[in-house]
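1. next input, structure requested:
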Amino acid sequence: MKEKIKSILIGILIGLIAFPTLTLGGTFVVSLIQGKSVEEAVQILAEQIDALIGRVEILETKQTEQQRVLQEMQNMVEQQKKKILCQELIKQTPQIGDITYRNIDIVKFYRQHQDIVAKKEQYIAYLKTLPTFNDPKSDDLCVHDPKADNVVKCLKDEEADLNFFKKVLSEAQVFYDKYMATCGDLIESNP
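-> Now for the predicted structure:
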């Protein structure tokens, strides 16, 4: 592939340098043969060189534009690759915990479990403010929750639930951090 490009570049150089030189030199000689003075032949040669320089400038402008377009296309390809990677990363979640967003969306999964942990912590703190009694079945301090129709809630059970969701959140943290490090800017730009 590089040899082909090298051959093309050499051909272009020959076309831009050698061919016009031979042609312009030929024009100079023809002008002298046609009986024109040296000054007139030099003037004709200068006009042809100006025209050639104009063509080279146009080619350089077109080449610059093509390079810009090519760079834009490469940037678009890189963005699409990143989006594909992010679509794969967002589906990586722990295989435990609430199934609503499992294997679908790590961001929502992680944020959902953050909310669950925060609410559990608040609920346990609330339960600890209520009068307790010893439950002979569970050997635990329990309370009647007036907000839940006096249902008996035992602190060990609630703390076990909290610990489970903290474990899920901890496992989700790895996937969430990896996704955010790679794709966080996509979330910012596409709410």
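2. and the helix or strand in which D157 is found, what other elements does it pack with?
-> Secondary structure from DSSP states H and E places D157 in helix 155-189. In terms of contacts (3 or more CB pairs under 8 Å, 6 or more residues apart in numbering; DSSP states H and E), helix 155-189 is packed against helix 38-89, helix 106-127, strand 140-145. C-beta here means a position set from N, CA and C on the backbone, and glycine is covered the same way.
3. so K128 versus L155, what's the distance?
-> Distance, K128 to L155, using CB to CB, to the nearest Å: 7 Å.
4. more neighbours, these two?
-> Legend: neighbour count by other CB atoms under 10 Å for K128 and L155, higher for L155 (17 against 12).
5. my read is that the more buried one contacts L130, right?
-> No - between L155 and L130 there is no contact under CB atoms under 8 Å: 10.1 Å.
6. what's the pLDDT at the nearest residue to Q173 once chain neighbours are set aside?
-> Once flanking residues are discounted, Q173 sits nearest to Y110: 7.2 Å by CB to CB, 6 or more residues apart in numbering. Per-residue pLDDT puts Y110 at 88.
7. also I8?
-> Per-residue pLDDT puts I8 at 72.
8. check what pLDDT Q80 gets.
-> We have a pLDDT of 89 for Q80.
9. what distance do you get for it to C86?
-> The gap separating Q80 from C86 is 11 Å, by CB to CB.
10. go on, K128?
-> Taking CB to CB, one finds K128 at 42 Å from C86.
11. likewise K119?
-> Remark: distance between K119 and C86 (CB to CB) = 29 Å.
12. for this protein, where's the lowest mean pLDDT among helices and strands?
-> Every helix and strand of the chain was ranked by mean pLDDT, DSSP states H and E. The lowest is helix 19-33, at a mean of 55.
13. returning to what we had before: in terms of neighbours, single out the busier of Q80 and C86.
-> C86 (17 against 10).
14. which ones are touching the nearest residue to the more buried one once chain neighbours are set aside?
-> Among residues not flanking C86 along the chain, C183 sits closest, at 3.7 Å (CB to CB, 6+ apart). With contact taken as CB atoms under 8 Å, 6 or more residues apart in numbering, C183 is in contact with 82, 85-86, 89-90.
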